[in-house]
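Peer 1: model this:
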Amino acid sequence: MTRPTERQSDAVVIEPLSVRISTAVQLTGISRSRLYELIQSGDLETVKVGRSTLILYKSLKALTGG
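Peer 2: Take a look at the predicted model:
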């Protein structure tokens, strides 16, 4: 039983499937050029959608230990 002063959070966290390079830079603090190096080396998984390169979020989390 919870106390009246405690609040339970029913919020559901939904993680994205992929993020753009610019978002990955903001999330990780890793430079844009370093992200491209990690993509080239195979350390980050990407998918191309049209002309956009998207980094798979699970790959980004694995890289940063998140």
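Peer 1: drop to CA atoms for contacts and neighbour counts, all remaining ones
Peer 2: Fine.
Peer 1: Can you say which helix or strand has Asp10 in it?
Peer 2: Under the criterion DSSP states H and E, no helix or strand holds Asp10.
Peer 1: Run through this structure and note the low-pLDDT ranges.
Peer 2: 1-7 (pLDDT under 70).
Peer 1: just checking, what's the longest helix in it?
Peer 2: Using DSSP state H, we find that the single longest helix of the chain is helix 32-41.
Peer 1: So the closest residue to Thr53 other than its chain neighbours: helix, strand or coil?
Peer 2: In this structure, Thr53 finds its nearest non-sequential neighbour in Val47, 6.0 Å apart by Cα to Cα, 6 or more residues apart in numbering. Following DSSP: H, G, I helix; E, B strand; the rest coil, we place Val47 in the strand state.
Peer 1: Quick one: distance of the longest helix of the chain to the chain centre.
Peer 2: 15 Å (Cα atoms, centre = their mean, to the nearest Å).
Peer 1: Against which helices or strands is that helix packed?
Peer 2: helix 21-28 (3 or more Cα pairs under 8 Å, 6 or more residues apart in numbering; DSSP states H and E).
Peer 1: got the buried residues for the helix it packs on?
Peer 2: 21, 24-25 (16 or more other Cα atoms under 10 Å).
Peer 1: Please apply the same query to stretch 56-66.
Peer 2: Buried residues in stretch 56-66, counted by 16+ other Cα under 10 Å: 56-57, 59-60.
Peer 1: which residues touch the most centrally placed residue in the chain?
Peer 2: Centroid-nearest residue in the chain: Tyr57, 3.8 Å away (criterion: Cα atoms, centre = their mean). Residues near Tyr57 by Cα atoms under 8 Å, 6 or more residues apart in numbering: 15-19.
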